[in-house]
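In: How does the following fold in three dimensions:
(one chain, ligands or ions: 1)
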Amino acid sequence: MQPEYQGQNWAVYLADTVEVMHAMPEGTIDCAIFSPPFSDLFVYSDSERDMGNCGSHDEFMRHYRYFAEGLFKAMKPGRIVCVHCTDLPSRKGRDGFIGLHDFSGDLIHAHQAAGFVYHARCTIWKDPVVEMQRTKALGLLYKQLKKDSAMSRVGMPDYMLFFRKDEPNPQPITHEPADLPVEMWQELASPVWMTVRQGHVLNGRQARGQEDERHICPLQLDVIERCLTLYSNPGDAGRALSVRG
Ligand SMILES: C[S@@+](CC[C@H](N)C(=O)[O-])C[C@H]1O[C@@H](n2cnc3c(N)ncnc32)[C@H](O)[C@@H]1O
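Out: Residues are numbered from 1 along each chain as shown. The predicted model follows:
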């Protein structure tokens, strides 16, 4: 499989990620950061290889478990996978009730079944007013408070889930230790990331052509940067993208 672009220590593939991973030698990836399709919630492309194009949530999870097995093989032992997701609203018409579906829980179980250790979770704050304006969700409407406050709810955050391919016998680190200012570490170590810029996404600056995929829930560049800072080491592929401060 040939990359689209490549340089020293990096390569970009425009391909089915499942095929690329399975073609990689075992234990290749230093750090994985991605936002998978949110089950069958959105249509991203018309490709049958797109994991979002599935008939049901159960079918999506079958695809995802196969993907997670490939990822487990491709990861280096001791390293971290960072998965961006949210829980999913259920709909009365489709699901029979208004509530939430524990999608983050399903992803955790799929990664554990593939062999990963559930390492950490970070909540990414999102503005409930923006969500209310976008979705008109009943639980977020101010008037719902007066009508029946039992149906009110808080807004939906995003999550970063972190998984580790465990290394039973970790080797001593040979590279220079990270030089991270303590204030920045405190910000990154916070269980809720409050300052992620929601509009700071690739799609805001590029990908405006008619043929482009519909990026309905793009991953914020701030989040990618934070994950690279936390979980990549000097010399890793992608490390050059990490901006500190
Ligand atoms: C939640 S979106 C995230 C998009 C991207 N990370 C961004 O920040 O804009 C999920 C993306 O995964 C892509 N995708 C689904 N199945 C795939 C596969 N088998 N190989 C590669 N990409 C896939 C979808 O087309 C969609 O663009």
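In: how about the helices of this structure, start to end?
Out: With helices called from DSSP state H, the chain shows them at 17-23, 57-74, 92-95, 103-114, 128-135, 142-148, 182-189, 202-205, 221-231.
In: The last one versus helix 182-189: what angle between them?
Out: Same thing as helix 221-231. 110 degrees (axes from the mean of the first three to the mean of the last three Cα atoms, to 10 degrees).
In: do the second one as well
Out: For helix 57-74 and helix 182-189, the angle between their directions (the same axes, to 10 degrees) works out to 140 degrees.
In: residue closest to the middle of the chain?
Out: H84 (1.8 Å; Cα atoms, centre = their mean).
In: Ramachandran angles for the closest residue to that residue other than its chain neighbours?
Out: In space, and not counting its chain neighbours, H84 is closest to S35: 3.9 Å by Cβ to Cβ, 6 or more residues apart in numbering. Heads up, the C-betas are built off the backbone N, CA and C, glycines and all. When read as degrees, to the nearest 10, the backbone of S35 gives phi -120, psi 110.
In: Run a quick neighbour tally on S35.
Out: Per other Cβ atoms under 10 Å, the neighbour tally for S35 reads 19.
In: Contact partners for it?
Out: Counting by Cβ atoms under 8 Å, 6 or more residues apart in numbering, S35 touches V83, H84, C85, C217, P218, L219.
In: Show me which helix or strand of this structure is least confident by mean pLDDT.
Out: Across the helices and strands of the chain, mean pLDDT, DSSP states H and E gives its lowest value to helix 202-205, namely a mean of 59.
In: so what's H111 closest to, chain neighbours aside?
Out: Once flanking residues are discounted, H111 sits nearest to F163: 4.7 Å by Cβ to Cβ, 6+ apart.
In: how much space between the one you found and A120?
Out: Distance, F163 to A120, by Cβ to Cβ, to the nearest Å: 9 Å.
In: how far away is the residue nearest to H111 from the ligand?
Out: Separation of F163 from the ligand (Cβ to the nearest ligand atom, to the nearest Å) stands at 17 Å.
In: That residue reaches V117, doesn't it?
Out: Yes: with contact defined as Cβ atoms under 8 Å, F163 and V117 form a contacting pair (6.6 Å).
In: For those two, work out which one has more neighbours and name it.
Out: Set side by side, F163 and V117 show more neighbours around F163, with 27 against 12, by other Cβ under 10 Å.
In: Burial check on the nearest residue to F97 once chain neighbours are set aside, number of neighbours?
Out: Leaving aside its chain neighbours, F97 sits nearest to S90 (6.0 Å; criterion: Cβ to Cβ, 6+ apart). By other Cβ under 10 Å, the residues close to S90 number 14.
In: Run through the bridge partners of S90.
Out: Beta-bridge pairing for S90 (DSSP bridges): G99.
In: P77 versus G70, what's the distance?
Out: Distance, G70 to P77, by Cβ to Cβ: 16 Å.
In: Could you do W185 as well?
Out: Taken as Cβ to Cβ, the span from W185 to P77 is 25 Å.
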